[in-house]
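> Build the 3D model from these lines:
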Amino acid sequence: MKPDQLLPPVMIVDDDEDDVVLLTRRLKSAGVKNPLLHFRTGGDAFMFLKQFCPPESTRAKLPVVMFLDVNMQGLSGFDVLLWARQQPPLQGMKIYMLSGAKEEWDAQIAAKLGADDFLEKFPDPAVFNELLSDDCPPRIR
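Numbering: from 1, shown residues only. Take a look at the predicted model:
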C-alpha cells in the first residue's frame with residue numbers, strides 16, 4: 001500500500017467536471033497528497049457519508065475535508081452541509097463551500113449552517129495550503 005493511501009481522503013462534491021479538474025490541480029499544487037474522492041451530486045455524497053452515521057462496519061476512511069459546491073441538481077450543497085452538521089460522527093470533518101456566484105447571502109447561509117469557510121471558485125493553491133495546513137497536519141499534505 002502506498003503511503004498516500006494511508007491518509008484520510010478529501011472529498012470533492014461538484015457536478016461540473018471542468019471545475020473538478022481545476023480544483024484537483026489546485027489541491028495537488030498546494031501539496032495535498034491525500035486521496036481525492038469525487039462525487040457528482042449531493043445525493044452521492046450523502047449516500048457515501050451516511051455509512052459513517054452511525055458508523056457501520058465499513059472499510060472506508062472518514063474524509064478529513066469536503067469541498068462542497070453550493071449549486072447542484074437534487075440535493076444542493078446547503079442540503080448536504082445541513083445534514084452533515086447534524087451528524088456527530090462528521091463533526092470533525094472540515095467543510096468548505098465552493099461557489100462560482102459572488103452572492104453575499106450564500107456565504108451568510110453557509111456560515112449559519114456550519115461551513116468552515118465559503119470560497120469563490122477557485123482559490124490559489126496558497127489559499128488551500130493555508131486552510132489545510134492550519135487545521136489538518138500531518139493528515140493533509
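
> alpha carbons only for contacts and neighbour counts from here, please
Will do.

> So in terms of bridging, what pairs with the residue nearest in space to the middle of the chain?
In the chain, the residue lying closest to the centroid (C-alpha atoms, centre = their mean) is Met66, at 1.3 Å. Taking DSSP bridges as the rule, Met66 bridges to Met11, Ile95.

> wait, it sits on Val13?
Yes: the criterion here is C-alpha atoms under 8 Å, and Met66 meets it with Val13 at 7.4 Å.

> tell me the pLDDT at the residue nearest to the centre of the chain?
If you check Met66, the pLDDT there is 95.

> which ones are touching it?
Applying C-alpha atoms under 8 Å, 6 or more residues apart in numbering, we find Met66 in contact with 10-13, 93-96.

> let's see it at 7 Å
Going by C-alpha atoms under 7 Å, 6 or more residues apart in numbering, Met66 touches 10-12, 94-96.

> what's the farthest-apart pair in these?
Ile12 and Lys94 (12.0 Å; C-alpha to C-alpha).

> neighbour-wise, which of the two wins?
Ile12 (24 against 21; other C-alpha atoms under 10 Å).

> picking up where we left off before, right, and out of the contacts of Met66, which lies closest to Glu104?
Distances from Glu104 to the contacts of Met66, taken by C-alpha to C-alpha, are shortest for Tyr96, at 15.5 Å.

> Any figure for the gap between the closest one and Leu6?
Counting by C-alpha to C-alpha, to the nearest Å, the separation of Tyr96 from Leu6 is 23 Å.

> These two - which one has more neighbours?
A count of neighbours by other C-alpha under 10 Å puts Tyr96 above the other of Tyr96 and Leu6, at 21 against 12.

> Isn't that one up against Glu120?
No: Tyr96 is not in contact with Glu120 according to C-alpha atoms under 7 Å; the separation is 10.3 Å.

> Can you give the distance from the helix or strand where Val80 lies to the centre of its chain?
Secondary structure from DSSP states H and E places Val80 in helix 77-85. Averaging C-alpha positions (C-alpha atoms, centre = their mean, to the nearest Å) puts helix 77-85 11 Å from its chain's average.
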